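1. Here is a sequence together with a model predicted from it:
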Amino acid sequence: MKADRRLIVPLDVPSAEEARATVAALGDAVSFYKIGLELFATEGMALAHELKRQGKQVFIDWKLHDIGTTVQRAAAVLAEQGCDFLTVHGEPQVMASAVRGRGASSLKILAVTVLTSLSDEDLPEIGYESTVRALVERRVHQAIAAGCDGVISSPREASLARAIGGRDFLVVTPGVRPDWSAKNDQARAATPLDALKAGASHIVCGRPITAANDPHAAALRVAAEMAQAG
C-alpha cells in the first residue's frame with residue numbers, strides 16, 4: 001500500500017537526529033511531514049531541505065504572528081526554500097501579509113482558526129466571548145478575504161470550513177486520533193475517516209503513528225482507514 005498524500009506526520013522531537021530516525025522508520029508509508037516549533041529552534045530548515053531532496057512534502061507549522069512586515073518577509077524566505085504549507089495565526093493583518101510574502105510561489109498559506117487543545121470553556125479566559133464554532137466561522141471568512149489557501153481546523157469544525165471555503169479550499173485537521181489510540185491533549189479529536197468525511201483535505205496524525213511499536217505499520221493502518229473515505 002502506498003503513502004496517502006493527505007496524511008501529514010508531525011516531527012515533534014527536539015533534534016534533527018530523532019526526526020531523521022522517525023522518517024527512516026516510516027519509510028515509504030509517509031510522504032508529508034510537519035516541522036513544528038521544537039525543531040524550529042535547532043535544525044528545522046536544514047531538515048526541511050533534506051526532506052524535499054527525498055521527494056517529501058514539508059509543512060512548516062510555525063504559526064507566525066507578528067507585525068505585517070515581519071510576517072511578509074518570513075513568508076517570502078520560506079517560499080524561496082520550496083516549502084509546501086505554512087501556518088500563520090488567523091489575524092487579518094497577519095494572514096494578508098503572509099499571502100503577500102509568498103508571492104507567486106506554490107507555498108500554501110494556512111490560517112490557524114482555534115487550537116485543537118481549546119474548548120468553549122477556555123475561550124473567555126483568553127478574551128473571546130463566543131463559542132469555538134462561531135470563532136472558527138469568523139476566521140474562515142477572514143482567511144478567505146485575506147487570500148489564504150486554507151485553514152487549520154479541528155475535525156469537529158472541518159465541515160463548517162469546507163462549506164464556507166468550497167471544494168478547493170484546504171482544511172487541515174490536527175487532533176486526529178484513530179479509535180485504537182489515546183486522545184492525549186486533544187480536546188476536539190476525531191478518527192481519520194471521520195475527519196475526511198467531515199471535509200478535511202489533510203489530516204495531521206502524530207503519536208498514534210510515531211509512538212507505535214511499529215510506526216511503519218501504524219502509518220499504513222491509518223492510510224487504510226483514510227482510503228475508506230475515497
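-> Sure thing, it's come through.
2. which residue is nearest the centroid of this protein?
-> residue 172 (5.2 Å; CA atoms, centre = their mean).
3. Double-check that residue against residue 204; I have them as touching.
-> Yes - with contact defined as CB atoms under 8 Å, residue 172 counts as touching residue 204 (6.6 Å). Yep, even glycine has a C-beta here, placed from its N, CA and C like the rest.
4. Overlap in contacts, those two.
-> Here residue 172 and residue 204 have 8, 59 as joint contacts, going by CB atoms under 8 Å, 6 or more residues apart in numbering.
5. about what we covered before: contact partners for the residue nearest to the centre of the chain?
-> Applying CB under 8 Å, 6+ apart, the residues near residue 172 are 8, 59, 85, 110, 150-153, 200-204.
6. Select from those the one having the most neighbours.
-> The most neighbours of any of the contacts of residue 172, using other CB atoms under 10 Å, belong to residue 153, which has 34 neighbours.
7. In contact with it, which residues?
-> 113, 114, 136, 140, 160, 161, 171, 172, 173.
8. Longest strand in this protein, please.
-> If you go by DSSP state E, the chain has its longest strand at strand 57-64.
9. Now the residue located most distally from the centre of the chain: closest residue in space, sequence neighbours ignored.
-> Taking CA atoms, centre = their mean, the residue of the chain most remote from its mean C-alpha position is residue 129, at 25.9 Å. Excluding its sequence neighbours, the residue lying closest to residue 129 (CB to CB, 6 or more residues apart in numbering) is residue 123, at 7.6 Å.
10. and the one you found, which of the three is it?
-> helix (DSSP: H, G, I helix; E, B strand; the rest coil).
11. Please work out how many residues are found near it.
-> Residue 123, neighbours per other CB under 10 Å, totals 17.
12. that older thread, sheet-wise, list the partners of the longest strand of the chain with their directions.
-> The sheet places strand 57-64 alongside strand 32-35 (parallel), strand 85-89 (parallel), with pairing taken from DSSP bridges.
13. hmm, who's touching it?
-> 5, 8, 10, 31-37, 40, 44, 48, 51-52, 71, 74-75, 78, 82-89, 94, 98, 112, 172, 204.
14. now do 7 Å
-> Contact with strand 57-64 is made by 8, 31-37, 40, 48, 51-52, 71, 74, 78, 83-89, 94, 98, 112, as judged by CB atoms under 7 Å, 6 or more residues apart in numbering.
15. out of the residues you listed, which are buried?
-> 8, 31-36, 48, 51, 71, 74, 78, 83-89, 94, 98, 112 (16 or more other CB atoms under 10 Å).
16. chain center to the helix ranked longest in the chain, what's the gap?
-> The longest helix of the chain (DSSP state H) is helix 132-146. Averaging C-alpha positions (CA atoms, centre = their mean, to the nearest Å) puts helix 132-146 17 Å from its chain's average.
17. repeat for stretch 119-126
-> The answer for stretch 119-126 is 22 Å, by CA atoms, centre = their mean.
18. Pull up the distance across it, start to finish.
-> One end of stretch 119-126 sits 12 Å from the other (CA to CA, to the nearest Å).
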